[in-house]
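**Q** Could you work out the structure for the sequence below:
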Amino acid sequence: MIGGRLAGLGAVLLLCCGTAVGCAGPGQRELDWDDRIVDARASGALGKSLDRLGRSSPGFPGVPLRRLTDFAWDGLFLFEQGLQGKDVRAKTGFTFMPDEESVEEDNELLVFVKGSKVAKVVLFREELRHPLAYTSGKKYSSEARLLRGDSRVLDVVEPNAFQRVFDSGIAEHLSARYRALRDGNRTSVPLADLGFTWDEMRVVEPAQLKKETGLSYKAMDYWPPHSAFMVFRERDRVVRIGEMDYSLFPREDRKGLRGREWSSKVQVVVTDRKEMTLTLREP
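**A** Alright, predicted model coming up:
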């Protein structure tokens with residue numbers, strides 16, 4: 001009986017003095033809060049990913065931050081240098097940093113959450129080659145994106161309705177269609193396979209986008225001076241918006257494309273191999 005009680009007491013002591021709470025053993029120093037809480041592996045991996053992204057100059061509409069993480073999360077708080085533990089607690093509701101401790105100079109603290117729990121705590125202890133620009137203490141959703149800001153800075157932004165459906169990769173798909181036509185000596189290829197489902201597409205000039213869709217690209221530091229938009233719908237709901245680039249679809253050739261409802265069976269057709277221009281045609 002006594003032995004059982006002693007064993008139980010030992011288990012409690014191990015639980016209380018495990019590494020999760022930072023109790024120091026004989027000859028050991030007590031772990032600081034950041035040593036106990038921060039995920040060093042995730043911090044290093046995310047820092048490297050941000051540097052690689054910064055070198056690639058991500059443009060509009062930005063790269064989802066969740067693509068750079070390998071763990072599940074649905075919210076993110078970012079804190080700049082100088083913020084104290086009490087500030088972190090007030091914003092997140094979590095107490096893992098002593099109230100009077102501060103985020104050190106040139107450090108950035110990222111608190112990823114999943115539901116009502118902490119998913120991961122990341123700390124950049126050295127200044128990133130491509131620093132982040134964000135609102136300190138604001139809660140960002142898992143939809144947050146990274147855009148190239150001024151100089152080497154990566155802006156953390158919440159996408160608006162237009163940004164969520166704008167897909168810069170559609171222009172790349174169209175270029176790939178042209179290369180397939182040029183190199184394969186073919187006259188047409190299907191447009192349909194773009195990586196998402198759709199049943200209708202309309203060509204919309206920039207000035208008409210708001211009227212046609214209710215969406216606006218204004219105030220997003222993005223302006224398509226020579227492009228038209230390709231608005232893709234599925235069951236009358238806008239699912240993607242892409243660019244019809246001027247270099248492939250000259251403005252003077254777009255008059256016959258506007259205002260029509262193009263089906264998912266539409267073909268991309270070469271109009272001029274020498275000038276590398278395309279048009280659309282229903283089969």
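**Q** hey, let's count contacts and neighbours off CA atoms from now on
**A** Will do.
**Q** Bridged to the most centrally placed residue in the chain, which residues?
**A** Nearest to the geometric centre of the chain sits Pro64, at 0.8 Å (CA atoms, centre = their mean). On the basis of DSSP bridges, Pro64 is bridged to Arg145.
**Q** Look up which helix or strand the nearest residue to Arg89 once chain neighbours are set aside falls in, please.
**A** The shortest distance from Arg89 to any non-neighbouring residue, by CA to CA, 6 or more residues apart in numbering, is to Thr95 (5.5 Å). Thr95 belongs to no helix or strand when assigned by DSSP states H and E.
**Q** neighbours around Asp70, how many?
**A** Here the number of neighbours of Asp70 (other CA atoms under 10 Å) works out to 10.
**Q** How about Pro250?
**A** Pro250 has 17 neighbours, counted by other CA under 10 Å.
**Q** Quickly list what the spatially closest residue to it that is not a sequence neighbour is bridged to.
**A** Nearest non-adjacent residue to Pro250, counting by CA to CA, 6+ apart: Thr277, 7.3 Å away. Thr277 has these beta-bridge partners by DSSP bridges: Asp272.
**Q** Spit out the contact partners of Thr277.
**A** Ser247, Leu248, Phe249, Pro250, Val270, Thr271 (CA atoms under 8 Å, 6 or more residues apart in numbering).
**Q** 6 Å instead, please
**A** Taking CA atoms under 6 Å, 6 or more residues apart in numbering, we find Thr277 in contact with Leu248, Phe249, Thr271.
**Q** What is the neighbour count of the second one?
**A** Other residues lying near Phe249 total 20 when counted by other CA under 10 Å.
**Q** Buried residues, the strand or helix carrying Arg52. List them.
**A** Remark: Arg52 resides in helix 40-55, with elements defined by DSSP H and E. Buried positions in helix 40-55, judged by neighbour count with 16 or more other CA atoms under 10 Å: Ala40, Ala42, Ser43, Leu46, Gly47, Leu50, Asp51, Leu53, Gly54.
**Q** before we move on, the earlier item: dump the contacts of Thr277 into TSV; add distance to Asn185 and pLDDT as well.
**A** Output for the contacts of Thr277, formatted as TSV (distance: CA to CA, whole Å; pLDDT from 0 to 100):
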residue	distance to Asn185	pLDDT
Leu248	17	86
Phe249	19	87
Thr271	13	85
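**Q** re the thing from before, ok, so what distance separates the residue nearest to Arg89 from Pro206?
**A** Distance, Thr95 to Pro206, by CA to CA, to the nearest Å: 49 Å.
**Q** what comes into contact with the helix holding Arg52?
**A** Residues outside helix 40-55 that contact it (CA under 6 Å, 6+ apart) are Val122, Leu123, His130.
**Q** Repeat that for stretch 212-231.
**A** Stretch 212-231 has contacts (CA under 6 Å, 6+ apart) with 162, 201-206, 210, 241-246.
**Q** try stretch 61-76
**A** 111-114, 139-142, 144-147, 163.
**Q** all helices in this structure, in order from the N-terminus.
**A** Using DSSP state H, the helices assigned to the chain run over residues 2-16, 33-37, 40-55, 85-92, 161-165, 169-184, 209-213.
**Q** Dump those helices into TSV; add distance to Arg233 and mean pLDDT as well.
**A** Shown next, in TSV, are the helices of the chain (distance: least, CA to CA, whole Å; pLDDT from 0 to 100):
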stretch	distance to Arg233	mean pLDDT
helix 2-16	56	37
helix 33-37	46	80
helix 40-55	31	91
helix 85-92	39	93
helix 161-165	11	91
helix 169-184	14	86
helix 209-213	10	92
